[in-house]
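Novice: have a look at this prediction, sequence included:
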Amino acid sequence: MEKLTFRHTTKAPLAGAKAQAITGVVASGNLEVLLERTLAPDACTVEIETPINGYGDVWEAVVADFVARAQPGGIRITVNDGGARPDTVSLRLLQGARLMEV
Amino acid sequence: MTLAEILASLFPDGHAVSVADGLVSGDGPFGTGRLAVIGIDANTPLGVEGAARLSRHVLDVLRRGGGTPILVAIDSDSQRMSRRDELLGLNEYLAHLAKALLLADASGHPTVGLVYGHTAAGAFIATALATRVLVGLPGAHPSVMDLPSVARVTKLPLERLEAMAKDTPVFAPGLDNMVQTGAVQAVLDPGQPLGPQITALIDAMPESDTRDALGRSRAGRPVAQEIAAQVVRDASLA
Amino acid sequence: MTDPGAASWYEASARARLDGLLDAGTFREFIGPEQRRMSPHLPLFDLPRAFDDGMIVGAGRLDGQAVLVAAQEGRFMGGAFGEVHGAKLVGLLRAALARKPAAVLILFDTGGVRLQEANAGETAIAEVMRAIAQVRAAGVPVIGLIGGRAGCYGGGGLIAGTCSRLAVSEGGRISVSGPEVIETNKGAEEFDSRDRALVWRTMGGKHRRLTGGADAFVDDTVAAFRAAALRLIGTAPAFDLATLEAEQARLETRIARFGDCRDGTEIWARLGANDPAAIPAMTTAEFDALLTQLGETTHDAR
């Protein structure tokens, strides 16, 4: 298992007031994403646990791209990965952000 | 200990317990009353017929009343693995046997499980694990699945599993590990008469299910009790 | 928004099933994912963990009635019982003894015991069965809903047999030893696990409903399971000697009547079905009509 943590500063807080959301399931090729509105409005952290070692660079790029697109300020994101492909990870992160925007 | 030795130790004045097709049933004099015995002997797998026969014995004891305690003595295989047993609904037969034991216990017939040989999986859950207090004898080896099968399913090397099993009681087969998870309350002393040991267990039976508390204090199931208690607490506030 | 009730139960996640099953917005989870009460054991095996350990428990309302609910996520570790997973269900049933809800609903989706935590899982199953007996004896129905991709196998099958009532869909399978387990231990001539039609005829929802192993056969939708749960709560049998004597007679009769049958279709023919081979393809409405015509598949002996 490998643990990764990424910290970002965003230009804006994520819209909406929902305190918490969860999406996805820990299964082969899938992942679960937990989002909590617990950070300063311009901060976002993404913590990942993955059984596939050695892909830190890919995760870093996927997370940076997600933060740039969603501007998820104020959100602590925690990921339990089941060995998902980068496109699945992107999709789930954006899905999670949308769930928080209500 | 063999079944014959166990029965001789329990009933020094003789008994009416018999074995047919690996299924044990009968009773003998015990204290001022009787002790009913059901069980499985000689590593016999438990199928639909066997489960139905054992549950009939339990219901007979229950119908007669009088608070007769029931000893469930087990040296079994797992559930019988066959297409026919599943076609006939083995899950219902095993659950029915467990329910009969649970109802008997709740109706004033103390139930004591005694594992003296092997037992596994569904046969274990339907019999010994469905009693109020479960004890073992030295040499017993209950298991959910043997390590070579665990290795196949988990795709981990057997040597690594064997090494992990030494300090991880939560998954490895064996009596000691089931003691540590709290499923087995105690290991009896085969050098002493079993009757007084069973009587002492019956006299000190816990009112509620204490297996998770035992598992925590023995470190074999570190979090189960706390998780269950937190659910109860959360529910009382909801 | 699509209607959550129309969603496939088989395809839905455990959380989506709960959302659609209960009155909208009434679900309150106990030990939610933010508490991160994950398995303490899976890291030893280098396996990923889930925030809820594949078991979601909580309270909600079903048509206004207070219920306690538990849902297994069959896609995480096959919905198998580990230490945390099992303890959450044990706690929920103990809570039911104190709170006396209108019912406890268990949404099964499980392969049985999680081998990496086998002793904890096996013990938890025994604790669950004892707790169900107590909850039922206290007059609270325990209703099992079975239609997930992992089916209801191993100790899950025994827990199901302990419930007051069971609803099952076409995709639901109830058994102790699964097809792969039988094949691995006894060979493909005993059970060819790749023969899906054989699996359904041996342990599928229709076979279980026809032989009395389940009390309702429902379409594979969240709405259908909701309707069945509501209906079954009102018909739960007592947990007493009379019920178990009736179950004893029911199960002995089944062996005497069908013990020499090799296949589900032989049993269905003996039950009086004119065209047993047509049963697997029947719609729920056609199947319900058949049940009415056979007239002996409903009982209070569980």
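Specialist: Sure thing, it's come through.

Novice: give me the three-state assignment for the closest residue to B:A186 other than its chain neighbours.
Specialist: Using Cβ to Cβ, 6 or more residues apart in numbering or on different chains and skipping residues adjacent in sequence, the residue nearest B:A186 is B:V135, 5.1 Å away. In short, each C-beta sits where N, CA and C put it, glycine included. Under DSSP: H, G, I helix; E, B strand; the rest coil, B:V135 falls in the strand class.

Novice: how many neighbours does the residue in the stretch 151-300 of chain C that chain B sits nearest to have?
Specialist: Closest contact between the stretch 151-300 of chain C and chain B, by Cβ to the nearest Cβ, is at C:G161 (2.6 Å). By other Cβ atoms under 10 Å in any protein chain shown, 28 other residues sit near C:G161.

Novice: I'd say it and B:L94 touch.
Specialist: Yes. Using Cβ atoms under 8 Å, C:G161 makes contact with B:L94 at a distance of 6.9 Å.

Novice: roughly how far apart are C:E127 and chain B?
Specialist: Per Cβ to the nearest Cβ, to the nearest Å, C:E127 is found 6 Å from chain B.

Novice: residue contacts, the residue nearest to B:A186?
Specialist: By Cβ atoms under 8 Å, 6 or more residues apart in numbering or on different chains, B:V135 lies in contact with B:V112, B:G113, B:L114, B:V115, B:V184, B:Q185, B:A186, B:V187, B:L188, B:L201.

Novice: that one pairs with what?
Specialist: Beta-bridge partners for B:V135, by DSSP bridges, are B:L114, B:A186.

Novice: show me which residues of chain A are close to chain C?
Specialist: A:1, A:20, A:22, A:25-27, A:30, A:32, A:34, A:36, A:49-51, A:78, A:80-83 (Cβ under 8 Å from any Cβ of the partner chain).

Novice: need phi/psi at A:E49.
Specialist: Phi and psi for A:E49, reported as degrees, to the nearest 10, are phi -120, psi 120.

Novice: hang on, it packs against A:W59?
Specialist: No. Judged on Cβ under 8 Å, A:E49 makes no contact with A:W59 at a distance of 11.0 Å.

Novice: strands along chain B, start to end?
Specialist: B:16-20, B:23-30, B:33-46, B:70-79, B:111-115, B:118-120, B:133-136, B:141-143, B:186-187 (DSSP state E).

Novice: tilt between the fourth one and strand B:16-20?
Specialist: Pointing back at strand B:70-79 there. 10 degrees (axes from the mean of the first three to the mean of the last three Cα atoms, to 10 degrees).

Novice: starting from strand B:70-79, tell me which strands it pairs with and how they run.
Specialist: strand B:33-46 (parallel), strand B:111-115 (parallel).

Novice: winner for burial among the ones you listed?
Specialist: strand B:111-115 (a mean of 27; mean count of other Cβ atoms under 10 Å in any protein chain shown).

Novice: so who does the residue of the stretch 151-300 of chain C closest to chain B touch?
Specialist: With Cβ under 8 Å, 6+ apart, C:G161 has these contacts: B:N91, B:E92, B:L94, B:A95, B:H96, B:K99, C:G213, C:R302.

Novice: now do the contacts for C:S169.
Specialist: C:W9, C:Y10, C:I146, C:G147, C:G205, C:F217, C:V218, C:D219, C:D220, C:A224, C:F225.

Novice: grab the nearest non-local neighbour of A:V58.
Specialist: Here the residue nearest A:V58, using Cβ to Cβ, 6+ apart, is A:P86, at 5.7 Å.
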